[in-house]
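coordinates for the following, if possible.
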Amino acid sequence: FSMDHGDDLLQTLQQDSTYKDFFQEDFDASRYANSVIQGSTIAACLQKLSLGIQNLENELHQQVATHHQDLLTQATGIEKLEDVLRMVSSRVQSLQQSSERIRDKIERPFQKVSTRCAQLGRLQSACEILRRTLRYLYLARRLRELVKGGARELAKAAHTLNEISNLTDDMDLTGIDVVEAEMPWVTKTRQSVEEQGHQLLLQGIDTHNQAQIASGLQIYFNLDRLETKVDVLCSKKLDAACNSMRNALKAAFPEQQEGTKWTTVTPGLRAAVWAQMENVANVIQTVVLQIRHLQRVLQKKRDPTTQTRFADLITGRPHGVAHKMWEDIMLALAERLKEVGEERPALRHIFEDEFPKLLRLLTDVWNRAVQQFAQEIGPEVAAAEQSFMRQCVASFETAYLSSSFSRMFDPVNLVFAQGSEQPPSPEEVADIIKTITKEVEISTHDARFCAATVRNVVKMTKLFHAKCEEMLATDAAATRLSRRTSPSMQRNIALVNRMYQFCQGLDDIAEDCGLSADVSNDLRVAQTAAREFIHDVLDPLFSHAYEFLDGIIKRMHEESYSGANTAQNSYDQPNAQCSNYVTALQEGAHVVQSNVVARVQALPALQQRVQHLVEQLLNSFVRNVSVLCGLGEAGKLRVAADLAQVELALAQFHIIQLSSLGSSYKALRALRPLLFLEADHIVKNPTATSALPTSVVVHHLLSRANNSISAPHVWKGWDVEQYTRWLSTHSEREILQLLRERLDAYAKEITARGDPVFDPSYPFLVQLLEKS
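All right, here's what the predicted structure looks like:
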């Protein structure tokens with residue numbers, strides 16, 4: 001048999017129902033015997049068990065026989081292992097005996113050392129108690145001497161008391177007779193010193209006596225209670241101020257039945273409320289001034305050992321106790337106002353309706369409270385305190401600004417009634433400006449409040465602008481010029497005048513109320529769209545006015561200027577007959593003056609546009625005169641007469657002086673002598689025509705050429721109207737280039753025809769263009 005055969009035998013036994021119970025880990029012989037007895041095959045079971053035992057014995061015998069040599073080798077190894085184990089055991093016992101001997105040698109000295117250390121510790125404790133007792137008695141004697149010195153020695157007495165406290169804080173000296181005998185008197189003395197320091201500190205704060213405040217603070221610093229005392233003092237002052245504020249606010253209202261609330265505001269109630277608010281302001285000012293004097297002393301006094309300021313020893317107040325007190329008292333005021341406002345709604349209505357008065361009252365309190373301490377506070381802390389003050393009354397400010405917003409918007413909505421096409425009257429706009437002025441004037445005492453009010457004004461300006469735009473007429477009649485002004489034009493001009501009146505009113509407010517640069521700039525920015533509205537209305541109106549009058553000027557080309565009769569048209573006759581178009585121009589200018597210029601009140605914008613209009617008309621007149629064809633001697637005299645009458649026609653615009661127009665007017669005046677100058681004189685004396693553009697002089701000389709040199713527009717195939725329009729839209733350089741091209745074309749025409757002689761004016765024209 002082999003190992004595999006043994007495994008097969010075991011597997012066979014495990015699979016047999018008779019033997020498999022013997023392989024269970026929890027096999028119980030009694031339980032197995034009971035199961036066999038309950039069955040009816042006991043003999044068969046015994047026989048099968050005997051057979052199994054025999055097979056196992058045979059297998060064991062076979063395994064021993066097979067592995068006999070290996071078993072002998074393992075038996076020898078076990079004997080060697082037992083020898084090693086016996087040797088290790090003997091050495092372990094030897095080691096244990098050595099350890100016992102070493103422990104005996106160490107334990108006795110250790111016990112002796114421990115005993116001596118305990119004795120030394122008790123000796124040291126006894127010596128420390130004796131030293132502290134002696135020190136306690138010495139300090140008690142010194143304290144008695146200092147107490148005899150009175151108020152002058154309070155600070156030293158406080159320092160001595162602090163030393164006594166340090167002696168007893170970390171070591172219990174009770175049970176020592178001499179110490180216990182002094183303790184009651186020391187405790188009583190400590191209370192006395194603290195009380196005197198408290199009285200000294202309170203008296204100094206109440207009377208603003210910094211020497212007394214310094215003495216009181218020094219006492220509590222020596223007692224090591226500086227921070228605690230300052231906290232308690234500030235808390236008591238705050239509580240007293242809160243009670244005073246609550247009582248003052250409630251005192252403004254007479255007694256009423258329980259459960260009822262004051263909702264009606266009467267003049268007498270307003271007066272009573274503001275009288276009590278003056279008392280509240282005095283309470284706040286008194287407390288804040290007291291704490292500011294305390295803060296000043298805290299910043300001056302220093303620890304003599306470390307040179308640390310007393311103010312730095314007060315933790316939790318980065319900006320000082322005065323700044324913290326201001327924040328606390330403002331919070332307390334806000335809570336009191338909210339509390340009383342909920343109980344008595346009339347009070348809340350008073351503060352909302354008269355918020356500027358409340359803000360001025362608090363601002364005056366703050367100004368008086370910091371008047372003597374500006375350098376100590378610093379700009380950052382001052383700004384923070386003012387900002388915190390405003391936050392505490394922000395609810396009243398919001399309500400007031402909302403009411404102010406309504407007060408300014410309501411008149412605008414009223415004058416621009418729904419569906420109405422009638423612009424507001426000057427009186428109505430003046431009333432709107434008065435309302436704005438009143439709202440801004442009330443707010444000027446505070447920069448931030450004024451800025452908030454101006455923001456409402458900006459919104460109202462946008463509303464006024466939007467309403468004007470909605471009412472603006474956009475039909476053709478709004479810009480059409482005729483002897484009778486159309487209703488649309490009248491309405492638009494009226495809107496321009498009201499917008500200008502409104503903007504002028506805002507400018508007066510900014511100047512009269514002394515607004516800051518930033519706030520004034522906000523108002524100016526708000527007027528930008530409003531002033532653009534004026535431009536948007538006037539620009540198309542004056543554009544049509546120019547087209548209207550320019551069309552009349554262009555009628556000169558329908559006139560004939562080639563006649564030779566000069567009997568009635570002398571250059572020296574001021575009353576020489578003028579052209580028909582000039583009469584029409586005078587009438588047209590009168591229409592523009594009476595229907596537009598005289599009606600518009602926005603003088604800056606009006607003057608700018610009238611000046612531009614007249615300049616355009618003068619340039620157009622000079623340009624059209626220069627391109628007149630077939631201009632004879634009689635025609636020159638007639639044009640000269642037209643010049644004078646045109647100047648008179650345009651002089652109807654009284655808002656400007658023609659002499660102030662510069663180059664345009666100089667060109668008109670220079671055109672008259674040009675008509676009668678010889679061509680060679682024009683070329684030889686350029687100063688005679690220096691006020692005129694070169695293109696005008698060249699065009700005029702071309703008109704003298706008796707059609708031998710056709711005009712540029714004839715050469716191009718244009719009519720006069722097209723050519724004058726082209727001249728008005730192109731630069732002088734482009735016009736001169738066209739004239740050069742025309743003369744070059746003329747020279748080629750003469751050469752092509754073989755004509756021996758050019759027109760007499762041709763050389764002069766070439767010289768003028770070369771000089772230009």
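
show me the shaky parts of the protein.
For the chain, applying pLDDT under 70 flags the ranges 1-7, 17, 39-41, 253-264, 374, 419, 563-577, 706-707, 772.

what about the strands in it?
Assigned by DSSP state E, the strands in the chain number zero.

ok, longest helix in it?
Ranked by residue count under DSSP state H, the longest helix found in the chain is helix 68-148.

quick one: that helix to chain centroid distance?
Relative to its parent chain, helix 68-148 has a centroid offset of 74 Å by C-alpha atoms, centre = their mean, to the nearest Å.

go on, stretch 37-53?
Relative to the chain's own centre, stretch 37-53 is displaced by 106 Å; criterion: C-alpha atoms, centre = their mean.

return the set of buried residues in it.
By 16 or more other C-beta atoms under 10 Å, the buried positions in stretch 37-53 come out as 45, 52. Every residue, glycine included, has its C-beta placed from N, CA and C.

using PDB, write out the CA atom coordinates for it.
Taking Å, rounded to 0.1, in the frame of the first residue of the first chain, the C-alpha atoms of stretch 37-53 are listed here in PDB:
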ATOM      1  CA  ILE A  37     -29.600   0.900  19.700                       C
ATOM      2  CA  GLN A  38     -32.700   2.600  18.400                       C
ATOM      3  CA  GLY A  39     -32.100   0.800  15.100                       C
ATOM      4  CA  SER A  40     -32.600  -2.900  14.500                       C
ATOM      5  CA  THR A  41     -29.200  -3.800  13.000                       C
ATOM      6  CA  ILE A  42     -26.900  -3.700  16.100                       C
ATOM      7  CA  ALA A  43     -25.100  -6.900  15.200                       C
ATOM      8  CA  ALA A  44     -24.500  -5.700  11.600                       C
ATOM      9  CA  CYS A  45     -23.200  -2.400  12.900                       C
ATOM     10  CA  LEU A  46     -20.800  -4.000  15.300                       C
ATOM     11  CA  GLN A  47     -19.600  -6.300  12.500                       C
ATOM     12  CA  LYS A  48     -19.100  -3.400  10.200                       C
ATOM     13  CA  LEU A  49     -17.300  -1.400  12.800                       C
ATOM     14  CA  SER A  50     -15.000  -4.400  13.600                       C
ATOM     15  CA  LEU A  51     -14.200  -4.600   9.900                       C
ATOM     16  CA  GLY A  52     -13.400  -0.900   9.700                       C
ATOM     17  CA  ILE A  53     -11.100  -1.200  12.800                       C
END
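
run through who's touching it.
Stretch 37-53 is contacted by residues 13, 16, 18, 19, 36 when judged by C-beta atoms under 8 Å, 6 or more residues apart in numbering.

buried subset of the residues you listed?
With burial judged by 16+ other C-beta under 10 Å, the buried subset of these is 13, 19, 36.

got CSV for the residues you listed, with distance to residue 64 too?
Formatted as CSV, those follow (distance: C-beta to C-beta, whole Å):
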residue, distance to residue 64
13, 19
19, 22
36, 31
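
and of the residues you listed, the nearest to residue 585?
Closest approach to residue 585 among the buried ones among the contacts of stretch 37-53 (C-beta to C-beta): residue 13, at 143.1 Å.

quick one: residue 708 and residue 759 touch, right?
Yes - Residue 708 is within contact range of residue 759, at 4.3 Å (criterion: C-beta atoms under 8 Å).
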